[in-house]
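Enquirer: give me the fold of what follows.
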Amino acid sequence: MALTVIVAYDVANNRRRTRLANYLQGWGYRMQESVFQLRLSNEELSEVCARIDKLISETDDVVHVYPLCAACCGRAEVFGTAPALDDVGLYSGVW
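Expert: Numbering: from 1, shown residues only. Next up, the predicted model:
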């Protein structure tokens, strides 16, 4: 079963930030400059979290990982210029 996961970060170093963004881009869609929406299995979530831990500095950076339940995803709202949703409910737009 796949989970919808929101990853938001504040990474101090440009090189680490670019590496993290490129890594996350391979797993999902960029919703905002430093916010991604991913669709992952439990095993993939563990893999992503382990990689995030290796890419960042524990003393300078912060990454929030929020797995969302199906009920939460169903109540989500987007205001403004909403990008299209793909067939699994992930945002697909121009980033």
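
Enquirer: use CA for all of it now, contacts and neighbours both
Expert: Fine.

Enquirer: can you tell me the helix or strand for residue 6?
Expert: Per DSSP states H and E: residue 6 is located in strand 3-10.

Enquirer: so what secondary structure elements neighbour that strand?
Expert: strand 35-40, strand 62-68 (3 or more C-alpha pairs under 8 Å, 6 or more residues apart in numbering; DSSP states H and E).

Enquirer: out of the ones you listed, deepest packed?
Expert: Comparing the helices and strands packed on strand 3-10 by mean neighbour count (mean count of other C-alpha atoms under 10 Å), strand 35-40 comes out on top with a mean of 21.

Enquirer: so which other helices or strands are in contact with it?
Expert: strand 3-10, helix 14-25, strand 28-32.

Enquirer: so what sits opposite the closest residue to residue 64 other than its chain neighbours in the bridge?
Expert: Nearest in space to residue 64, with sequence neighbours left out and distances taken as C-alpha to C-alpha, 6 or more residues apart in numbering, is residue 8 at 5.2 Å. Judged by DSSP bridges, the bridge partners of residue 8 are residue 35, residue 64.

Enquirer: gap between residue 8 and residue 53?
Expert: Per C-alpha to C-alpha, to the nearest Å, residue 8 is found 14 Å from residue 53.

Enquirer: the residue nearest to residue 9 when sequence neighbours are not counted: what's it in contact with?
Expert: Nearest non-adjacent residue to residue 9, counting by C-alpha to C-alpha, 6+ apart: residue 63, 4.2 Å away. Counting by C-alpha atoms under 8 Å, 6 or more residues apart in numbering, residue 63 makes contact with 7-11, 52.
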